[in-house]
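*Asks:* below are the sequence and a predicted model; questions follow.
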Amino acid sequence: MTGDDRTSGKGFFSRVRSRMRPGAPGTGDRSTGDTSGRPGPMVAADADSLAATLPSLVLEAERIAATVAAGLHGLKRSGPGETFWQYRPALPGEPVTRIDWRQSARSHRAYVRETEAEHAQTVYLWCDLSPSMRWSSLPSSLPLKRDRAILLLLATASLLERSGERVRLLSPAGHVDLPPGSGRLASRIALAMTVLAERTDLSGLPTAVALPPHAQLIIASDLLAPDTDITALFRTLTGNGLRSHIIHIVDPAEQELPYSGRVRFEGTEHEPDVILPAVETLQNDYGKLFATRQASLRDLAERGRHTFQPHRTDASPTTALLALSASLAGHRGTR
């Protein structure tokens with residue numbers, strides 16, 4: 001092990017930049033992975049890169065949604081649907097086709113089998129497009145956190161559309177108008193996200209003030225914001241009667257800190273660069289700190305009756321969508 005900075009991916013809640021020994025062949029300052037967190041022209045380049053990526057993300061989102069059973073969300077009241085709700089005595093003039101003859105045979109009365117009412121509700125989507133999300137520790141094999149967040153939200157939108165739900169897109173500035181047209185919802189949301197990616201004034205947590213009571217909000221973010229801001233957001237959501245589902249997007253390197261030697265960690269937003277020697281000696285303490293913060297975020301969310309779902313970018317997006325679908329169904333069923 002030498003005293004030089006070792007080549008590594010970017011992580012530690014920021015981009016990592018290696019510093020090679022001067023004068024050696026093929027060396028010099030270089031960054032691995034995405035560098036779009038830098039100000040200036042890189043913002044436009046990021047938007048172009050996202051626009052080029054979105055068609056494949058839409059196709060993959062549609063494929064993922066097609067593999068997940070489109071569960072219907074019951075409202076715990078009688079009405080048209082498929083989920084059983086209750087048996088009740090048949091009323092005079094009740095259509096014979098509504099009588100459950102098997103249940104009625106167990107009694108001296110005729111019974112009707114009722115199902116839960118099911119109708120569309122509005123689910124709001126918010127994707128963190130801040131610079132810290134435009135990062136991957138292994139760009140050749142792992143997606144950017146932003147791209148995984150977009151994929152999950154597009155797949156969720158497609159799944160909800162199949163179930164007859166209404167879906168809206170949010171930004172830190174409020175509601176986002178989708179491009180007009182009759183195309184698939186995931187494609188229209190993807191186009192709207194391309195426009196959002198070109199703006200530099202939308203970094204921050206979503207606003208909850210404009211959302212109607214009892215709406216559901218899905219947040220896909222790395223939650224790299226001040227704890228006071230996150231606490232304030234969750235309290236506002238709870239105070240407004242909103243139920244949220246937080247997908248905590250994490251790159252594996254952010255959880256494991258798999259680096260060694262002397263490494264420079266370069267901030268993605270407003271953090272100063274940090275140079276740490278012998279990074280491997282920090283892994284145990286770092287792992288404990290990461291686990292503690294994630295547990296704190298989960299506790300904060302669940303105390304407000306929100307759901308908290310960690311998701312690593314090396315994990316299956318289909319599994320994440322299945323868990324999210326179950327959370328959406330559970331929240332609506334207990335509303």
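*Replies:* On my side now, so go ahead.

*Asks:* can you list the low-confidence ranges for this protein?
*Replies:* Low-confidence segments of the chain, defined by pLDDT under 70: 1-44, 47, 69-86, 93-94, 114-120, 182, 200-203, 207-210, 331-335.

*Asks:* top strand in it by residue count?
*Replies:* If you go by DSSP state E, the chain has its longest strand at strand 243-250.

*Asks:* gap between that strand and the chain center?
*Replies:* When distances are taken as C-alpha atoms, centre = their mean, to the nearest Å, strand 243-250 is centred 5 Å away from the chain's centroid.

*Asks:* mind listing residues that contact that strand?
*Replies:* By C-beta atoms under 8 Å, 6 or more residues apart in numbering, the residues outside strand 243-250 that reach it are 128, 133, 145, 148-149, 152, 214-223, 234, 237, 294, 297, 301, 304-313, 320, 324, 327-328, 331, 335. Backbone N, C-alpha and C define where each C-beta goes, glycine included.

*Asks:* do a quick rundown of the helices in the stretch 151-300 of the chain.
*Replies:* Secondary structure of the stretch 151-300 of the chain, counting by DSSP state H, counting those that start in this stretch: helices at 185-197, 227-239, 252-256, 283-303.

*Asks:* the ones you listed into CSV, with extra columns for mean neighbour count and distance to residue 112?
*Replies:* Below are these laid out as CSV (neighbours: other C-beta atoms under 10 Å; distance: least, C-beta to C-beta, whole Å):
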stretch, mean neighbour count, distance to residue 112
helix 185-197, 20, 36
helix 227-239, 16, 39
helix 252-256, 20, 53
helix 283-303, 14, 39
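
*Asks:* just put the ones you listed in TSV and tack on distance to residue 110.
*Replies:* Converted to TSV, these look like this (distance: least, C-beta to C-beta, whole Å):
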stretch	distance to residue 110
helix 185-197	43
helix 227-239	46
helix 252-256	59
helix 283-303	45
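
*Asks:* next, count neighbours for residue 141.
*Replies:* If you count neighbours by other C-beta atoms under 10 Å, residue 141 ends up with 9.

*Asks:* so it sits in a helix?
*Replies:* No. Applying DSSP: H, G, I helix; E, B strand; the rest coil, one finds residue 141 to be coil, outside a helix.

*Asks:* now it: how far from residue 181?
*Replies:* Distance of residue 141 to residue 181, given as C-beta to C-beta, to the nearest Å: 35 Å.

*Asks:* please apply the same query to residue 174.
*Replies:* Taken as C-beta to C-beta, the span from residue 174 to residue 181 is 22 Å.

*Asks:* then residue 130?
*Replies:* Separation of residue 130 from residue 181 (C-beta to C-beta): 28 Å.

*Asks:* those two: who's more crowded?
*Replies:* residue 130 (21 against 9).

*Asks:* how about residue 289, what does it touch?
*Replies:* By C-beta under 8 Å, 6+ apart, residue 289 has no neighbours at all.

*Asks:* could you redo the last one with a cut-off of 10 Å?
*Replies:* Residues in contact with residue 289 (C-beta atoms under 10 Å, 6 or more residues apart in numbering) are 257, 282.

*Asks:* go on, residue 123?
*Replies:* By C-beta under 10 Å, 6+ apart, the contact set of residue 123 is 73, 156-157, 160, 163, 165-168, 215-218, 245, 328, 332.

*Asks:* make sure it is indeed in a strand.
*Replies:* Yes. Residue 123 sits within a strand when classified using three-state DSSP.

*Asks:* ok so, going back, give me the buried entries from the contacts of residue 123.
*Replies:* Among the contacts of residue 123, those buried by neighbour count (16 or more other C-beta atoms under 10 Å) are 73, 156-157, 160, 163, 165, 167-168, 215-218, 245, 328, 332.

*Asks:* among these, which ones are in strands?
*Replies:* Counting by DSSP E, those place 167-168, 216-218, 245 in strands.

*Asks:* quick one: the nearest residue to residue 298 once chain neighbours are set aside from residue 148, how far?
*Replies:* Take residue 298 and drop its neighbours on the chain: the residue closest to it by C-beta to C-beta, 6 or more residues apart in numbering is residue 308, 4.3 Å away. As judged by C-beta to C-beta, residue 308 and residue 148 stand 17 Å apart.

*Asks:* what of residue 91?
*Replies:* Plainly put, residue 91 is 53 Å away from residue 148 if you go by C-beta to C-beta.
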